[in-house]
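In: Following is a predicted model, sequence given first.
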Amino acid sequence: MDRMKKKKVIVIGAGFSGISAATVLAEKGYDVHVLEKNAEPGGRARVFREGGFVFDMGPSWYWMPDVFETYFGKFGKKPSDYYELKRLDPSYSVILSESEVIDIPADLEGIKTLFESYEEGASSQLDKFLKQAAYKYRVGIQDFVWRPSVKITEFLSVKLLIDAIRMDVFSSFYKHIRKFFKSSTLLKLMEFPILFLGAISQNTPAMYSLMNFAEITMGTWYPMGGMHQIVNGMVALAEEKHVKFTYNTEVTGFEIVNKHVRAVKTAKGLIEADMVVASADYHWVEKLLGDDFRNYSEEYWDKRVMAPSSLLFYLGISKRLPKLKHHNLFFDRDFSVHSHEIYTDPSWPSDPLFYASAPSVTDPSVAPEGCENVFLLIPVAPDLEDTDVQREKYFHQLMDRLEAYCGENIRDSIVYKRSYAHQDFMSDYHAFKGNAYGLANTLFQTAILKPSLKNKKLDNLYYTGQLTVPGPGVPPSLISGLVVANEVDKSLRK
Ligand SMILES: Cc1cc2nc3c(=O)[nH]c(=O)nc-3n(C[C@H](O)[C@H](O)[C@H](O)COP(=O)(O)OP(=O)(O)OC[C@H]3O[C@@H](n4cnc5c(N)ncnc54)[C@H](O)[C@@H]3O)c2cc1C
C-alpha cells in the first residue's frame with residue numbers, strides 16, 4: 001500500500017509494549033512511528049556498556065518462553081531467528097543462611113526429590129499443585145490475558161465464571177499454597193515467583209500459581225549476549241515491517257480538537273496522527289492530558305497499590321566470584337518485616353532481602369575475561385526519599401552479606417559501580433512514584449479493574465504497558481502491546 005495513504009499511528013515509548021504494538025500495527029498496514037524520549041529502545045530493559053562490561057538495566061529473568069515464541073510466531077519468526085537461548089541449570093540459587101543454600105534444579109524430577117527432602121509427601125503434593133496450576137496457565141495465558149478488559153460484558157459468560165472459580169481468582173495464593181505444603185522452606189520457594197507480580201501472596205489471587213507452573217515446568221532461560229537481545233530482535237523485526245523509530249524525542253503534550261488527538265507535541269514540533277498509542281507510564285500520559293481528558297484523577301492514582309520500586313547496583317568486578325550462580329536470591333532475612341516496609345508502612349527496609357545476578361557466570365561476553373558482571377536489586381517501597389547517602393548505606397549492607405557469603409573481599413575489586421533508584425526511574429521513564437514494575441497484580445487491580453487501555457474521553461488514544469492489562473513483567477508487556485494493537489485496528493476500521 002502507498003505509504004502516503006496509510007493511516008498514521010504514533011506510538012509513545014519504545015519499551016516491550018510499545019515495540020510490540022507498533023510491529024503488529026505495521027504488519028496490519030498502518031504507517032507507524034515510535035517516539036522514544038531516551039537515546040535507545042528497551043525502556044526498563046535498556047542496556048549500557050562500561051569498561052568491557054555489558055549491563056542489562058532491568059529484567060534478568062526469562063520465563064514463559066512460549067509467550068516469546070507466540071510473539072515472534074505471529075510474524076512467521078522464531079526467537080532463535082534473533083537470539084540464542086540457554087536454559088539455566090540450576091535455574092537459580094536460594095540462600096536461606098550462610099550454611100543453607102538451595103540450588104533449584106532445572107528438571108522436574110530433581111525438584112521433586114528436593115521437595116521430598118524437606119517434607120514427606122511433598123513430591124506428590126507438587127504433582128497435584130502443578131496439575132491445577134497447568135489449567136490456570138492454560139486458561140490464563142491462552143484466554144484471560146488476551147482480553148482487552150474494556151467492557152464488563154467481556155467477562156459475562158457462564159463458561160468464564162466457571163473458569164474464574166476453577167482458576168481460584170477469588171482466593172489468595174497464600175491460602176492456596178498452604179493447602180499443599182507445610183514446610184516453611186517450601187512455602188518460601190513457592191511464594192518467590194509471586195514477588196514478580198508486585199504484591200505479597202496474601203493479596204495475590206491464587207490463579208497466579210500459573211507463575212509456579214511456568215517456572216517449574218518451562219524453566220529459566222537466558223538470551224546469550226543479555227536480555228537486551230530480546231529488544232534488539234524485536235526492533236529488527238519492527239524495522240523489517242517498516243516501523244520508524246525516532247529516539248531522543250519526548251512527547252510533551254497533545255493537540256486536541258473535538259475530543260480527538262490531532263497531533264502530539266515534541267520539542268521538534270507537532271507530529272500529526274490518526275491514532276496514538278501511549279506505552280509511556282500511564283500516569284505521566286494522564287498528566288500531559290490534563291484534567292479535561294485524563295481517565296483517572298490524582299486521588300485514584302494515589303490509591304493504587306503500586307508494585308515495588310528497586311534500589312539497584314551495577315558492579316564490574318575485576319575477578320571471578322566462584323560462589324555465585326547466575327541468579328542468587330538472598331532470602332536470609334525475615335520477609336514479613338521487609339514486605340511490611342514495602343506495602344504497609346512504606347519506608348527504607350531495616351534488613352532487606354536482595355537478589356544478585358551474575359550473568360557473566362553463563363555468558364563471557366558481558367564482562368572482560370576473568371571478571372564478573374554483578375547486578376544487585378533490593379525491592380523497596382515506591383515514593384521514598386532517595387539520596388546518595390541512603391544508597392551508599394545499603395551498598396555496604398549488601399557488600400557485607402555478599403562478602404560473607406562468597407568468603408572473600410569484593411569491595412577492593414570493584415572497577416565499576418553505578419546505583420539506580422527512584423530518582424532515576426522518574427527522570428528516565430517518568431515513573432509514577434519512581435515505580436519499577438508498574439501496578440501490583442492484586443485482585444482489585446486485575447483485568448477490568450486495571451486502568452483501561454482506552455481513553456474514555458478521546459476517540460483515538462489508547463494506552464499499553466505494565467500499568468494497564470494484563471500487568472507487569474516482560475511477557476505481559478509484550479501481550480499488552482498485541483492486545484492494544486487489535487483494539488486500535490478495530491477502531492481504525494470503523
Ligand atoms: C529492575 C527491574 C527488573 C525487572 N526484572 C524483570 C524480570 O526479570 N523479568 C520480567 O519479565 N520483568 C522484569 N521487569 C519488568 C519489566 O522490565 C517491565 O514490566 C517491562 O519492561 C515494561 O515494559 P513497558 O513497555 O510497559 O514499559 P517501559 O519499559 O517503561 O517502556 C516505556 C517507554 O516509554 C518511554 N517514555 C516515557 N515517557 C515518554 C514520553 N513522554 N515520550 C516518549 N517516550 C516516553 C520510556 O523512556 C520507555 O522507553 C523488571 C523491571 C525492572 C525495572
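Out: Perfect, I can see it now. Numbers count the residues shown, from 1 in each chain.

In: Up against the ligand, what does this protein have?
Out: 12-18, 35-38, 43-45, 58-61, 250-251, 279-281, 284, 310, 312, 377, 429-430, 436-437, 465-466, 472-474, 477 (C-beta under 6 Å from any ligand atom). Placement of C-beta: from N, CA and C, glycine included.

In: Run through the protein and note the low-pLDDT ranges.
Out: 1-4 (pLDDT under 70).

In: Which segments of it make up each domain?
Out: 8-81+225-304+439-493, 107-218, 307-429 (the TED database).

In: Now mean neighbour count and distance to residue 96 too, for the ones you listed, in a markdown table please.
Out: Formatted as a markdown table, the domains of the chain follow (neighbours: other C-beta atoms under 10 Å; distance: least, C-beta to C-beta, whole Å):
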| stretch | mean neighbour count | distance to residue 96 |
| --- | --- | --- |
| domain 8-81+225-304+439-493 | 20 | 20 |
| domain 107-218 | 18 | 7 |
| domain 307-429 | 18 | 6 |
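
In: would you turn those domains into CSV with distance to residue 95?
Out: As requested, the domains of the chain are exported to CSV (distance: least, C-beta to C-beta, whole Å):
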stretch, distance to residue 95
domain 8-81+225-304+439-493, 17
domain 107-218, 11
domain 307-429, 5
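
In: related to what we said a few turns ago, of the residues of the chain next to the ligand, which belong to strands?
Out: Secondary-structure check on the residues of the chain next to the ligand using DSSP state E: residues within strands are 12, 35, 251, 310, 312, 377.

In: nearest to the ligand, of those?
Out: residue 251 (3.9 Å; C-beta to the nearest ligand atom).

In: List the contacts of residue 361.
Out: Each residue near residue 361 by C-beta atoms under 8 Å, 6 or more residues apart in numbering is listed here: 324, 325, 326, 372.

In: one more time with 10 Å
Out: Shown in contact with residue 361 (C-beta atoms under 10 Å, 6 or more residues apart in numbering): 88, 222, 320-322, 324-328, 367, 372-374.

In: and the two most separated of the residues you listed?
Out: 222 and 322 (18.8 Å; C-beta to C-beta).

In: Looking at the stretch 151-300 of the chain, which residue is nearest the ligand?
Out: Closest point on the stretch 151-300 of the chain to the ligand, by C-beta to the nearest ligand atom, is residue 280, at 3.2 Å.

In: my read: that residue touches residue 34, true?
Out: No - assessed by C-beta atoms under 10 Å, residue 280 is found out of contact with residue 34, at 11.1 Å.

In: Need the overlap of contacts for the two.
Out: 11, 12, 13, 14, 18.

In: Dump those residues into JSON lines; add distance to residue 68 as well.
Out: Listed next are the shared contacts of residue 280 and residue 34 as JSON lines, based on distance: C-beta to C-beta, whole Å:
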{"residue": "11", "distance to residue 68": "20"}
{"residue": "12", "distance to residue 68": "24"}
{"residue": "13", "distance to residue 68": "20"}
{"residue": "14", "distance to residue 68": "18"}
{"residue": "18", "distance to residue 68": "17"}
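
In: List just the nearest of those to residue 346.
Out: Using C-beta to C-beta, those come closest to residue 346 at residue 13, 26.8 Å.

In: List phi and psi for the spatially closest residue to the residue of the stretch 151-300 of the chain closest to the ligand that is not a sequence neighbour.
Out: Computed as C-beta to C-beta, 6 or more residues apart in numbering, the closest residue to residue 280 that is not its neighbour in sequence is residue 13, at 4.3 Å. For residue 13, the backbone dihedrals (degrees, to the nearest 10) come out as phi 100, psi 130.

In: do you know how far residue 13 is from residue 144?
Out: Distance of residue 13 to residue 144, computed by C-beta to C-beta, to the nearest Å: 25 Å.

In: pretty sure residue 300 contacts residue 452?
Out: No - Residue 300 lies out of contact with residue 452 (C-beta under 10 Å); the separation is 11.6 Å.

In: ends of stretch 164-180, how far apart?
Out: 20 Å (C-alpha to C-alpha, to the nearest Å).

In: How far does it sit from its chain's centre?
Out: Distance, stretch centre to chain centre, for stretch 164-180: 23 Å (C-alpha atoms, centre = their mean, to the nearest Å).

In: do stretch 415-426 as well
Out: Worked out by C-alpha atoms, centre = their mean, stretch 415-426 lies 18 Å from the chain centre.

In: Could you pull up the residues touching residue 360?
Out: Applying C-beta under 10 Å, 6+ apart, the residues contacting residue 360 are 53-54, 316-317, 320-321, 324, 326, 366-374.

In: Restricted to helices, list those.
Out: Using DSSP state H, no member of these sits in helices.

In: With just CA atoms, put stretch 225-238 into CSV.
Out: The C-alpha trace of stretch 225-238 is given here as CSV (Å, rounded to 0.1, in the frame of the first residue of the first chain):
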residue,chain,number,x,y,z
GLY,A,225,24.5,-11.6,25.0
GLY,A,226,22.0,-10.4,27.5
MET,A,227,18.3,-9.7,28.0
HIS,A,228,18.5,-6.7,25.7
GLN,A,229,18.9,-9.2,22.8
ILE,A,230,15.2,-9.6,23.0
VAL,A,231,14.8,-5.9,22.5
ASN,A,232,17.3,-5.9,19.6
GLY,A,233,15.4,-8.8,18.0
MET,A,234,12.0,-7.0,18.4
VAL,A,235,13.3,-3.8,17.0
ALA,A,236,14.9,-5.7,14.0
LEU,A,237,11.5,-7.3,13.3
ALA,A,238,9.7,-4.0,13.7
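
In: Thanks a lot, catch you later.
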